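Q: Have a look at this fold, sequence not included:
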């Protein structure tokens, strides 16, 4: 037979995310904007310009990502239109 104790635990719950570029705060209740947040986590390697073994953490809203991509002439494909051809 198993016996259990009741334990209260404190957990962290996401309230929202702030874009690291425009500083816009996206609340967890704004599900359409929240699902389009791009999160980048990168572990830097040996001789990295960011420092050996450091980590980069970045949250970017979809509006800033679009601006970054367009300003750098990176192509954005519309796969819905492409698949209809």
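A: Looks like it arrived, so ask away. No experiment lies behind these values; they were computed from the predicted model shown.

Q: Can you tell me who the residue nearest the centre of the chain pairs with across the strands?
A: The centre of the chain sits closest to residue 39, judged by Cα atoms, centre = their mean, with a distance of 2.0 Å. In this entry, residue 39 is beta-bridged to residue 59, by DSSP bridges.

Q: before we move on, what about the one 4 residues further on?
A: Beta-bridge pairing of residue 43 under DSSP bridges involves residue 55.

Q: That one reaches residue 53, doesn't it?
A: Yes - Residue 43 lies in contact with residue 53 (Cβ atoms under 8 Å); the separation is 7.3 Å. Placement of C-beta: from N, CA and C, glycine included.

Q: Would you check that residue 52 makes contact with residue 46?
A: Yes - with contacts counted by Cβ under 8 Å, residue 52 reaches residue 46, the gap being 5.8 Å.

Q: more crowded one of the two?
A: Neighbour totals were compared for residue 52 and residue 46, and residue 52 leads with 9 against 6 (other Cβ atoms under 10 Å).

Q: Check what pLDDT that one gets.
A: Residue 52 carries a pLDDT value of 92.

Q: next one: residue 84
A: According to the prediction, residue 84 has pLDDT 65.

Q: and residue 41, what does it touch?
A: 55, 56, 57, 58 (Cβ atoms under 8 Å, 6 or more residues apart in numbering).

Q: Just to be sure, the third one is in a strand?
A: Yes - remark: residue 57 belongs to a strand, assigned using DSSP: H, G, I helix; E, B strand; the rest coil.

Q: Distance of the residue lying closest to it once chain neighbours are set aside relative to residue 2?
A: The shortest distance from residue 57 to any non-neighbouring residue, by Cβ to Cβ, 6 or more residues apart in numbering, is to residue 41 (5.5 Å). Distance, residue 41 to residue 2, by Cβ to Cβ, to the nearest Å: 39 Å.
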